[in-house]
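Enquirer: A structural model of the following input is requested.
(one chain, ligands or ions: 2)
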Amino acid sequence: MPPLRRGAAERTCTFVAERVAVARLTRDKDSHRGLLFRTLHPGRDVRRRILKDGHYVVLPSKTSVAVSEHPRKLQAITLETTLRCDQSCVFCGSRAGKEARSELSTAEIAHVLEQAGDMGANEVELVGGETYMRDDWVDIIRMATQLGMTCAMVTAGRAIDDRMATMARDAGLDRVSVSIDGTRETHQSLRRTPEGYELGLRAMNAFRNAGVAVGCNTQVNASNWENLNDLAELLLGMGLYAWQIQLMIPMGRAADRPELWLQPYDLLKVIPRLAGVIERCARSRFAVYAGDNVGYFGPHESTLRRFASTHRHTMGCAAGTSVVAVDCEGRVTGCSALDGVCSAAGNVREEGLAAIYERVETPGQVPDSVWGFCATCYYASICRGGCTSTAIALTGRAGNNPYCHHRALELAREGKRERLSALGMRRDGARGHVAFDVVTESVPTAIGSDTESSRPASIS
Ligand code: SF4
Ligand code: SF4
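Expert: Ligands and ions are numbered 1, 2, ... in the order given. This next block holds a predicted model:
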């Protein structure tokens, strides 16, 4: 490891008084990008030093270290197995439906899994499309488990019956997260599949009867956030291991549906509702996780992260640290929420996963990356603009995220709010994004009626 350059340390370190005492520098590639620290002895006061490669470095008195919860050691991969899907959900961020032009073969997936295992990954999460649309889906589960990896799968479960659930269980599937989006009516309108709601619940029952741990995931948008209480009452009685709730990002097919987009100021009502649901479920010992893009640091933060983080607050975007994603055509990104065409560090068809992993960007670990409102934020040294994928979708680049409760509250105190104004489609990726102008405006006096009328109409 090359010596730490004093200037770089001074520029990149910030102080988190209550959590950090001594930290170890784990990576320094002659630039501040990718500097990661790990807490060694919480509680000791060593503000003026960091432990660097076995040596103490004295820093200016106002400088100390930011701690990362995300050590840069591969622990898990998210594997997009296919874009084939048996539904055509209106908000699908991947625009899944048809098979992609050149999806990874069984042998190529086996090679990816072997490399990930060699790098120390002990978990693989299979996403799609629908993994079970591949003829070799059970073989993929078996390959992962034979390599000693825990295998999980995300599915909407339309075709899953008792026989398929048993096959997955016998191959070693450890757990599954089934997508349910709200009440029956809401789910059906979002999934555009007759009986899609009942079939999702059937899949949950089939996996549970087979002995696979079953969870649920829900994407919150403007059409279903009011369903969360009803959905909680349904899920509470189902014996699930967890429920993950994230915000819908306007990309993929969701980019085509402005009526579903949450406005940044909608978080003023969505986040308290979500916090209430989490508290309700916690009383029944049912773990509900706010997803990475449910932001951040408002009065409900410790409730939102109650089950997700030992710190009970976000530690920023983990993309490219302990997790990488491989898409169905072999592109490697730091997170499956990032568009591989725009963000890939390489392709497993051209070089080894370990070499690509070294180049995968870790935007949530770059201290100077925040800009716009986030650059002025009290929490920026930890949060760094939150979810990279959301920030890119809404503002065009990482480090400035309008989907933030703290931000919406701060603006509301000044009588302001932010509104997404669609400028048109961006065609710079496989999924399709909307180019937005994030408009800061005065809060209309009759905000209840204005909320609907200020939604963007259609875009071209
Ligand atoms: S304003 Fe930005 S940096 Fe601050 S908490 Fe919100 S997303 Fe994070
Ligand atoms: S891009 Fe968003 S979803 Fe992906 S790791 Fe970062 S915070 Fe999590």
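Enquirer: quick one: low-confidence ranges for this protein?
Expert: Where the chain drops to pLDDT under 70, the residues are 1-71, 309, 367, 426-432, 446-460.
Enquirer: where is the longest helix in it?
Expert: Scanning the chain for the helix with the most residues, using DSSP state H, yields helix 267-283.
Enquirer: next one: that helix to chain centre, how far?
Expert: Its chain's C-alpha centre lies 19 Å from the corresponding centre of helix 267-283 when counted by Cα atoms, centre = their mean, to the nearest Å.
Enquirer: the following helix or strand past it pairs with which strands, parallel or anti?
Expert: Where DSSP states H and E defines the elements, the next helix or strand beyond helix 267-283 is strand 288-290. Paired with strand 288-290 in the same sheet, following DSSP bridges, are strand 243-247 (parallel).
Enquirer: run through who's touching the helix or strand hosting residue 107.
Expert: Assigned by DSSP H and E, residue 107 falls within helix 106-118. Helix 106-118 has contacts (Cβ atoms under 8 Å, 6 or more residues apart in numbering) with 74, 77, 79, 81, 104, 124, 136, 139-140, 143-144, 147-149, 326, 330, 348-349, 352-354. All C-beta spots, glycine's among them, are computed from the backbone N, C-alpha and C.
Enquirer: so how far is ligand 1 from the closest residue to residue 99 other than its chain neighbours?
Expert: Leaving aside its sequence neighbours, residue 99 sits nearest to residue 84 (Cβ to Cβ, 6 or more residues apart in numbering; 4.8 Å). As judged by Cβ to the nearest ligand atom, to the nearest Å, residue 84 and ligand 1 stand 35 Å apart.
Enquirer: which strand residues bridge residue 84?
Expert: Bridge pairing for residue 84 (DSSP bridges) gives the partners residue 97.
Enquirer: contacts only, for it.
Expert: 96, 97, 98, 99, 128, 129, 130, 133, 134.
Enquirer: buried among these? Need that as a selection in PyMOL.
Expert: Remark: buried members of the contacts of residue 84, expressed as a PyMOL selection using 16 or more other Cβ atoms under 10 Å:
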select buried, resi 96+128+129+130+133+134
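Enquirer: next SSE after the helix holding residue 107?
Expert: strand 123-127.
Enquirer: can you list the strands that that following strand pairs with?
Expert: Strand 123-127 has its sheet partners listed here by DSSP bridges as strand 76-80 (parallel), strand 150-155 (parallel).
Enquirer: any idea which of those gets closest to ligand 2?
Expert: Within the strands paired with strand 123-127, the stretch nearest ligand 2 is strand 76-80; the backing value is 9.3 Å (Cβ to the nearest ligand atom).
Enquirer: report the angle between that closest one and helix 106-118.
Expert: Relative orientation of strand 76-80 and helix 106-118, computed by axes from the mean of the first three to the mean of the last three Cα atoms, to 10 degrees: 170 degrees.
Enquirer: quick one: list the elements packing against the helix or strand that residue 418 is a member of.
Expert: Secondary-structure element containing residue 418, defined by DSSP H and E: strand 416-426. Helices and strands touching strand 416-426, by 3 or more Cβ pairs under 8 Å, 6 or more residues apart in numbering; DSSP states H and E, are helix 405-413, strand 433-442.
Enquirer: pull out the buried positions in that strand.
Expert: By neighbour count on 16+ other Cβ under 10 Å, the buried set for strand 416-426 is 417, 418, 419, 420, 422, 426.
Enquirer: then stretch 313-320?
Expert: Counting neighbours by 16+ other Cβ under 10 Å, one finds that the buried residues in stretch 313-320 are 313, 314, 315, 316, 317, 318, 319, 320.
Enquirer: do the same with stretch 170-189
Expert: Residues of stretch 170-189 classed as buried by neighbour count (16+ other Cβ under 10 Å): 171-184, 186-188.
Enquirer: swap in stretch 206-220?
Expert: 206-208, 210, 212-220.
Enquirer: dump the residues you listed into a markdown table; add secondary structure and distance to residue 274 as well.
Expert: As requested, those are exported to a markdown table (DSSP: H, G, I helix; E, B strand; the rest coil; distance: Cβ to Cβ, whole Å):
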| residue | secondary structure | distance to residue 274 |
| --- | --- | --- |
| 206 | helix | 29 |
| 207 | helix | 25 |
| 208 | helix | 25 |
| 210 | helix | 31 |
| 212 | coil | 27 |
| 213 | strand | 23 |
| 214 | strand | 21 |
| 215 | strand | 17 |
| 216 | strand | 14 |
| 217 | strand | 14 |
| 218 | strand | 10 |
| 219 | strand | 12 |
| 220 | strand | 7 |
